[in-house]
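**Student:** sharing a model that was predicted from the sequence below.
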Amino acid sequence: MTDAIRLENVSKKFIIQHEGNRSFQDLLVNLLRNNGSREEFWALNNASFSVSEGESVGIIGHNGSGKSTILKLISKIIEPTEGKVVVNGTISSLLELGAGFHPDLTGRENIFLNGSLLGFSRREILQKFDGIVDFSELSRFIDVPVKHYSSGMYMRLAFSVAINVDTDILLIDEVLAVGDKAFQDKCLERIRDFQRIGKTIIFVSHALESVKNICTRAIWLDHGNIRSIGESKKVVFDYVCEVEQEQEDEEQQRQREQVGRQAQNAQRQDAPATAGIQIRDVKILGPDRIERRTFRTGDDLVVRLLYSVHNGELLPDCTFSVNINDASATLIHRALYPLSLAGRKRGPERDILDLKYTSLPLLEGVYSVAVAVWPTDAPDCALDVHHQKHRFTIERCEPSHGVLEDGLVTLRHVWLDGVVTSHVDRDVPVRDEPGSPTGEQGANGHAGGGGGAWPTHVYLGENDAACLRDGWYDPEGHGQKYRWTTGRASLFVTLPEFASRLFLKVSNPAVEVRECLTGHVLVNGASIGEFQLNGGELTSLSFALDGAGRGDVGVTIEVSPTIVPRQIGINSDYRELGLIVQEIWSE
Amino acid sequence: MLVKLRQLLKYRELVRNLVVRDLKIRYKRSFLGFIWSLLNPLLMMMVFTLVFTVMMPNNRIDKFPIFILVAILPWNWCSAAVASATGSIVSNGGLIKKVYFPRELLPMSVVLSNLVNFLLALIVLFAMLLIFGVQIKLIFALLPVIIFIQMVFLMGLALFLSALNVSFRDAEVIMDVAILAWFFLTPVFYDIGDLFPDYSRWLYIVNPMASLISTYRIILLGGGAPDMFFVLRTFATALAVFFAGYWYFARRARTFGEEL
């Protein structure tokens, strides 16, 4: 695969002229003085990277980091001061949509003008013309001068031209905010088409989600230097972390100044005697109540509010709220806590309120906690808002965790990946003899029932490898073979038509940490019953299969609470354990 | 050189569209539309005739209206092209900063769109020639050659001035006066033969437009063949201006993207 774009040690220097335009007058003055008020500015320092044909690369970085300079270098609008820019192929650039449009010309005329600006012949544009007009959804207005277009129509036409012409490389600079949602989706779809047919895309944006979605690789620019190049998710994550860190530092600086000012004010006037409730501090703690900032999906997290109440008896009832937002300030969750202050007459000492999130479902990313308190009957006038944002990071889970997920939160899910066999051509099922291994799929239960059938009788740890889905650990056995589940485990079995009850042989051996364990069983997603285990011995559970499906079904077992052996002293065992299951069958 | 030529060829559709854009916009709003490019030179001819035959009756030139028209058409092409080409790079700054295309097409297309105007106006010229009883002769076939020479000369000048105007914006302002001076130094409303021979020789040397307009007159009004050596010399000057202008333009064009 050849390089579509290659930058070799490219640097670009701009000269900033501090006063007005250059003119003969300036020229004379400069001749006399030899140097005017010029200032050099390196927009790009020694940047080297290459983009393969058919690759999609995002460029991210704060304003003025050199993103647009790179695009302009690639599109030959400016030339590098040092180094070499090599481009193989034709370029269509969405640097500035409609740059070549003339308001007095009609949409049709502008399509030809813009197409020819990109270097296309009349014939090539004619070939694409209908596609462009269709895409822009402007066929009714195509012979109207574009000055009568709304700005949305204008942009739609420009985008259609740029994206429908047949170039090898597409440069996109922050222009996806074109038109309504439907049109944006269409544009994204078109970009995907572009990728599918092997075109190269360079995408510059502050919309980091789009960068992650569209690009496989990303380049992070910082003040003209390349900070990192790599997998787009990784680079975007690092970038977000740093930006958040910078913001946090700034905020803390501001906070310090504010505290200083408040202290001065406090000295000036005596402590106010008014009633009030104030959030003094917010801390993010691990389950061990020790402050920390990085967590993993599934960890416990505690938000500790330190607040103080003055003359609480004068206050109405209050409600605390704790919001968790993601990096783009989208609210993910808000927890409310009504607090009755009646009868409380506290001095300025601090009270503590802990909010514990058990088994945090958030996925990799940076999140922040915001806290406020207001009167319960007047949610609009907050008594106190804690302005400082407290951030915490969820780190990527180890791949051994076996979770393949992306997004903001994890949702409980199970993949049911079975071949559905027709019920009609199935022979009358034969019941297995207990104890006979049923390792071969379809070899028992229903001879000739098709390759997709699952066992009717499962001995976990022996004949189960093919029918198990997620939520199971490797077989263990001390005489008796069994498997541990996680909090939720699923598998496939075949239920014969005559089956009326489903049996599970299970146990809860961790009675010393969880005396009572509850759970329920689902068939094809519908619950068929709940159970409760009190002792630690092996128990047979029986569930009626009334309305549940027959044939190949997915069985899911959900239990809570789960245990992690590490937390009860077995340091090497980090597994989240649910239930021991030995056998599953139906009758 | 060859690469440049291939690139220009690839972008010929853009040249076409730029010329069409120029022409369309010029007449889009006006009531008479492109008829103005026919009417305009006629009106100018009348003004000059009024001034130089009625207000200043000591004029000895025969068939003065046609004498003026033959000169005013190429001169209008020249002055309009030079005036608007000077600002062509700066006024298209938005485009240059956003899209890459051969920048020389901008001043060149200005010259070409004014050429189209000039060719349209030639219709009027030939009509007037017939009215004034000038015979259409075979030597008129030389006209395209002279027009080509003028085009080469104007393109060179347009390239130079448009690039100069990027770094010295004063150029655009000065051009007003410069074109006025140039007009008086060009034998439009007088016959170069009326000047002292020393002056006319100098005019021919420093002002190719003087040579060109004299040649137009010799062909269209005199009906004789122009001095071929003279025409060749003018062509050489035009080529020199073209290459010098192009060289300067190409050198400066690399930084247009950041200077605008």
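**Tutor:** Arrived safely, thanks for sending.
**Student:** what does stretch A:315-325 rub up against?
**Tutor:** By Cβ atoms under 8 Å, 6 or more residues apart in numbering or on different chains, the surrounding residues in contact with stretch A:315-325 are A:275-277, A:303, A:305, A:307, A:309, A:331-342, A:353, A:355, A:362, A:367-379, A:383, A:389. In this view, the C-beta of every residue, glycine as well, is placed from N, C-alpha and C.
**Student:** now it: buried residues?
**Tutor:** Using 16 or more other Cβ atoms under 10 Å in any protein chain shown as the burial criterion, the residues of stretch A:315-325 that qualify are A:Leu315, A:Cys318, A:Thr319, A:Phe320, A:Ser321, A:Val322, A:Asn323, A:Ile324, A:Asn325.
**Student:** where's the dip in pLDDT among those?
**Tutor:** Checking pLDDT across the buried residues of stretch A:315-325, the minimum falls on A:Leu315 at 72.
**Student:** tell me how far it lies from A:Val309.
**Tutor:** Per Cβ to Cβ, to the nearest Å, A:Leu315 is found 7 Å from A:Val309.
**Student:** and for A:Ile15?
**Tutor:** From A:Ile15 to A:Val309 the distance is 62 Å (Cβ to Cβ).
**Student:** returning to that earlier point: which ones among the buried residues of stretch A:315-325 map onto strands?
**Tutor:** Using DSSP state E, the subset of the buried residues of stretch A:315-325 located in strands is A:Cys318, A:Thr319, A:Phe320, A:Ser321, A:Val322, A:Asn323, A:Ile324, A:Asn325.
**Student:** pairing partners for the fourth one in the sheet, please.
**Tutor:** It refers to A:Ser321. Note on A:Ser321: beta-bridge partners A:Leu336, A:Ala372, judged by DSSP bridges.
**Student:** measure the residue nearest to B:Val152 when sequence neighbours are not counted to A:Asp180 for me?
**Tutor:** Spatial nearest neighbour of B:Val152, excluding adjacent residues (Cβ to Cβ, 6 or more residues apart in numbering or on different chains): B:Ala238 at 4.5 Å. To A:Asp180, B:Ala238 is 55 Å away according to Cβ to Cβ.
**Student:** write the ChimeraX selection for whichever of the contacts of stretch A:315-325 are buried.
**Tutor:** Only the buried members of these enter the following ChimeraX selection, criterion being 16+ other Cβ under 10 Å:
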select /A:277,303,305,307,309,339,341,353,355,362,367,368,369,370,371,372,373,374,375,383,389
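**Student:** what about the contacts of stretch A:315-325, which are in strands?
**Tutor:** A:276-277, A:303, A:305, A:307, A:309, A:331-339, A:353, A:355, A:367-375, A:389.
**Student:** you'd agree the residue nearest to B:Val152 is up against B:Leu157?
**Tutor:** No - using Cβ atoms under 8 Å, B:Ala238 makes no contact with B:Leu157, being 9.4 Å away.
**Student:** how far away is A:Val204 from B:Val206?
**Tutor:** 52 Å.
**Student:** looking at the two, which is more packed in?
**Tutor:** A:Val204 (23 against 9; other Cβ atoms under 10 Å in any protein chain shown).
**Student:** quick one: residues contacting the more buried one.
**Tutor:** Residues counted as contacts of A:Val204 (Cβ under 8 Å, 6+ apart) are A:Gly58, A:Ile59, A:Ile60, A:Lys67, A:Ser68, A:Ile70, A:Leu71, A:Leu171, A:Ile172, A:Asp173, A:Glu174.
**Student:** now the buried members of those residues.
**Tutor:** Buried members of the contacts of A:Val204, scored by 16+ other Cβ under 10 Å, are A:Gly58, A:Ile59, A:Ile60, A:Lys67, A:Ser68, A:Ile70, A:Leu71, A:Leu171, A:Ile172, A:Asp173.
**Student:** which two in those are spaced the farthest apart?
**Tutor:** For the buried ones among the contacts of A:Val204, the maximum inter-member distance is 15.0 Å, found between A:Ile60 and A:Leu171 (Cβ to Cβ).
**Student:** pull the contacting residues for the nearest residue to B:Glu259 once chain neighbours are set aside.
**Tutor:** Distances taken as Cβ to Cβ, 6+ apart put B:Val166 closest to B:Glu259, at 5.6 Å, once the chain neighbours are dropped. Residues in contact with B:Val166 (Cβ under 8 Å, 6+ apart) are B:Ile89, B:Val90, B:Arg252, B:Phe256, B:Glu259, B:Leu260.
**Student:** so which residues on the stretch 101-250 of chain B come close to chain A?
**Tutor:** B:Phe101, B:Ser167, B:Phe168, B:Arg169, B:Asp170 (Cβ under 8 Å from any Cβ of the partner chain).
**Student:** now render the residues you listed as JSON lines, adding pLDDT.
**Tutor:** Converted to JSON lines, these look like this (pLDDT from 0 to 100):
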{"residue": "B:Phe101", "pLDDT": "87"}
{"residue": "B:Ser167", "pLDDT": "86"}
{"residue": "B:Phe168", "pLDDT": "86"}
{"residue": "B:Arg169", "pLDDT": "85"}
{"residue": "B:Asp170", "pLDDT": "85"}
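**Student:** tell me which of these fall in helices.
**Tutor:** B:Ser167, B:Asp170 (DSSP state H).
**Student:** show me how far stretch A:53-72 is from its chain's centre.
**Tutor:** 22 Å (Cα atoms, centre = their mean, to the nearest Å).
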